[in-house]
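*Asks:* The sequence isn't on hand, but the structure is:
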């Protein structure tokens, strides 16, 4: 069922990109009805426009809060062309039918983000615009609704290539996009009023990217978000569902460190990380943690990648490399393998809450942004940790925090020697870490151990001491903390409690 655009209502806050649309409508002989500043803009192009108040017989009032909220406007939008009674009332009340409604909404979210006072924020809650969008979208059988400047190219194609004729399928597709705009706008308003209380969950993303597949080829995958807001992609194959999870884990981990630091991750877990004087030295140390797992891994650095580091990376096969920048010479080397995904991280990842589906619903929690420093450690043993051990405690705690539970991290000289990840017991996690460190030839004498949760028994203290570990950091809080403390005193280990658990399931 085709409809020809003969009359359009245009009322927009943002005028960018509007000129070509207005001129195309004028060339097709479309009558344009408009309001306020939009009407002034249209007329500045030499295109005539009918004022909305000429239809409503009421001026814009209440500081612009009421302009289009009138039967003369909404009757022309909502009238059904195939309903005889509707058409009789159109004639009775001398309504003008609209075939195109082009509106956008006040920038509510941007106003909130700017830190504007509440009075300004409230004024950016659009009433007329959102009503026009919903009304036109509801009557998509007869009306084309354009609710975002992102749709202007499609509208321009309709005006130029199709001479203003629209199909039912096209109008329904635009209506769906309009309700996406409407729901997203309402979500932003609710979240502002909710103030982070979490009384209900309202999430809306305008952008969606269909991925090759999900975690496995038989699963569909999509990404809702704005990847380009955080990253510039220099080169590489299409980013996958698994890549996105790994990139998120890598950026969360590297954000914890201030000194030049390089990390290697596999399946969302760190398998190598080190802080050194230069990023090249950090890379070499991080790679040595587990060169086997580094194959096909995710690399992340908190300093620009220079030529020396790129040369050190060499021909290693990796999926993704994330860094704040790259030297030209480094790019020349790294881009020789075209499938490597090279990303520039433009800004920190902001994530106040984390979400996970469960039982047909959604689990929501505050993001774990807590990290312990030296002042947070309570020494519970006779032996005091050294300054070097305290530094390694801080480093190791951050690693353990970003590993799947149960997790244990062994660290020496700001260098991850090994991790035990995702085990069903803390003893198994520690055994895994010790065996891994020994496999790669590391001497654990003088290393520290960080655990993401407390020791329920003294067995881990015994295992750690036998392997050469000299100091332990753990949350504490077990009913049998005294057993672990006594065992540490017996074996000559230093132990500190943080009082903070970092489970990550």
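*Replies:* The structure has been received and is ready for your questions. Just so we're clear, the structure is a prediction, and the values are computed from it rather than from any experiment.

*Asks:* make it CA atoms for all contacts and neighbour counts henceforth
*Replies:* Noted.

*Asks:* So which residues make contact with stretch 458-467?
*Replies:* The contact list for stretch 458-467 (Cα atoms under 8 Å, 6 or more residues apart in numbering) reads 426-427, 430-431, 434, 444-445, 449, 470, 483-485, 487-488, 491, 493.

*Asks:* Among those, name the buried ones.
*Replies:* The neighbour-count criterion (16 or more other Cα atoms under 10 Å) marks 426-427, 430-431, 434, 444, 449, 470, 483-485, 487-488, 493 among the contacts of stretch 458-467 as buried.

*Asks:* can you give me the mean pLDDT across stretch 358-367?
*Replies:* Over the span of stretch 358-367, the pLDDT mean works out to 91.

*Asks:* circling back: taking the contacts of stretch 458-467 one by one, which sit in helices?
*Replies:* Of those, the ones assigned to helices by DSSP state H are 426, 427, 430, 431, 434, 483, 484, 485, 487, 488, 491.

*Asks:* For the second one, which non-adjacent residue is closest in space?
*Replies:* Setting aside the residues directly before and after it, residue 427 is nearest to residue 460 in space (Cα to Cα, 6 or more residues apart in numbering), at 5.8 Å.

*Asks:* low pLDDT regions in the stretch 101-250 of the chain?
*Replies:* Nowhere does the stretch 101-250 of the chain drop to pLDDT under 70.

*Asks:* residue ranges of the helices in it, please?
*Replies:* Secondary structure of the stretch 101-250 of the chain (DSSP state H, counting those that start in this stretch): helices at 108-113, 118-123, 128-138, 152-161, 168-194, 241-254.

*Asks:* Next, format these as a markdown table and append mean neighbour count and distance to residue 285.
*Replies:* Below are the helices of the stretch 101-250 of the chain laid out as a markdown table (neighbours: other Cα atoms under 10 Å; distance: least, Cα to Cα, whole Å):
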| stretch | mean neighbour count | distance to residue 285 |
| --- | --- | --- |
| helix 108-113 | 16 | 41 |
| helix 118-123 | 14 | 50 |
| helix 128-138 | 22 | 56 |
| helix 152-161 | 16 | 51 |
| helix 168-194 | 18 | 44 |
| helix 241-254 | 19 | 15 |
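
*Asks:* Which of the contacts of stretch 458-467 sits closest to residue 407?
*Replies:* Within the contacts of stretch 458-467, distances to residue 407 taken as Cα to Cα reach their minimum at residue 426, with 7.1 Å.

*Asks:* Pretty sure residue 407 is one of the things the closest one touches, is it not?
*Replies:* Yes. Using Cα atoms under 8 Å, residue 426 is in contact with residue 407, at 7.1 Å.

*Asks:* Rebuild the helices of the stretch 101-250 of the chain as JSON lines, extending it with distance to residue 332.
*Replies:* Shown next, in JSON lines, are the helices of the stretch 101-250 of the chain (distance: least, Cα to Cα, whole Å):
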{"stretch": "helix 108-113", "distance to residue 332": "39"}
{"stretch": "helix 118-123", "distance to residue 332": "48"}
{"stretch": "helix 128-138", "distance to residue 332": "50"}
{"stretch": "helix 152-161", "distance to residue 332": "37"}
{"stretch": "helix 168-194", "distance to residue 332": "42"}
{"stretch": "helix 241-254", "distance to residue 332": "23"}
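
*Asks:* Would you mind saying which of those lies nearest residue 16?
*Replies:* Among the helices of the stretch 101-250 of the chain, helix 152-161 sits nearest to residue 16 (Cα to Cα), with 10.2 Å.

*Asks:* And the strands in the stretch 401-505 of the chain?
*Replies:* In the stretch 401-505 of the chain, the strands defined using DSSP state E, counting those that start in this stretch lie at 408-411, 416-420, 448-451, 471-474, 494-497.

*Asks:* would you list those strands in CSV and tack on distance to residue 384 and mean pLDDT?
*Replies:* CSV is the format used below for the strands of the stretch 401-505 of the chain (distance: least, Cα to Cα, whole Å; pLDDT from 0 to 100):
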stretch, distance to residue 384, mean pLDDT
strand 408-411, 18, 98
strand 416-420, 22, 97
strand 448-451, 13, 97
strand 471-474, 9, 97
strand 494-497, 6, 97
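
*Asks:* one step back: now compare the buried ones among the contacts of stretch 458-467 and name the two farthest from each other.
*Replies:* It's 444 and 483 that sit farthest apart of these, by Cα to Cα, at 23.3 Å.
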